[in-house]
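J.: structural data only, the sequence is not supplied:
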C-alpha cells in the first residue's frame, strides 16, 4: 500500500516551466510501482515515447510489457506500382 502522505503535491499552480507559467503534475514524484502500473495501461506508442526519460525507460524495461524495439514500415504501394510501369 502507498501512503498518501508520501505522494507529491498533485498539481503545482503557476510554476514557471521553460520560461512560461503553467500548471503541471510531477509524475516522476510518484512511486515506481504506481508509475509502472499506470504505464501498463498506456498504448505502446505512448510507452515508447515515455522512454526518453531515464527513470521511465528503466521502469518500462523492467515491465512485462517491455518492447525492445519496433520496426515501422511505411506503405508505399502506389509509388512502387508507378515505378514498375
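T.: Right, received. Where do you want to start? Bear in mind that the values here come from a model prediction, so they are computed numbers and not experimental data.
J.: quick check: buried residues in stretch 37-51?
T.: Of all the residues in stretch 37-51, those buried under the rule 16 or more other CB atoms under 10 Å are 39, 47, 50, 51. Glycine gets a C-beta too; all of them are placed from N, C-alpha and C.
J.: go through these and flag which are in helices.
T.: Among the buried residues of stretch 37-51, the ones falling in helices (DSSP state H) are 39, 47, 50.
J.: how about these in TSV, adding pLDDT and distance to residue 61?
T.: As requested, those are arranged in TSV below (pLDDT from 0 to 100; distance: CB to CB, whole Å):
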residue	pLDDT	distance to residue 61
39	85	11
47	81	11
50	79	12
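J.: CSV for those, including distance to residue 74?
T.: Shown next, in CSV, are these (distance: CB to CB, whole Å):
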residue, distance to residue 74
39, 27
47, 21
50, 24
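J.: and of the residues you listed, the nearest to residue 33?
T.: Taking CB to CB as the measure, residue 33 lies nearest residue 39 of these, at 10.7 Å.
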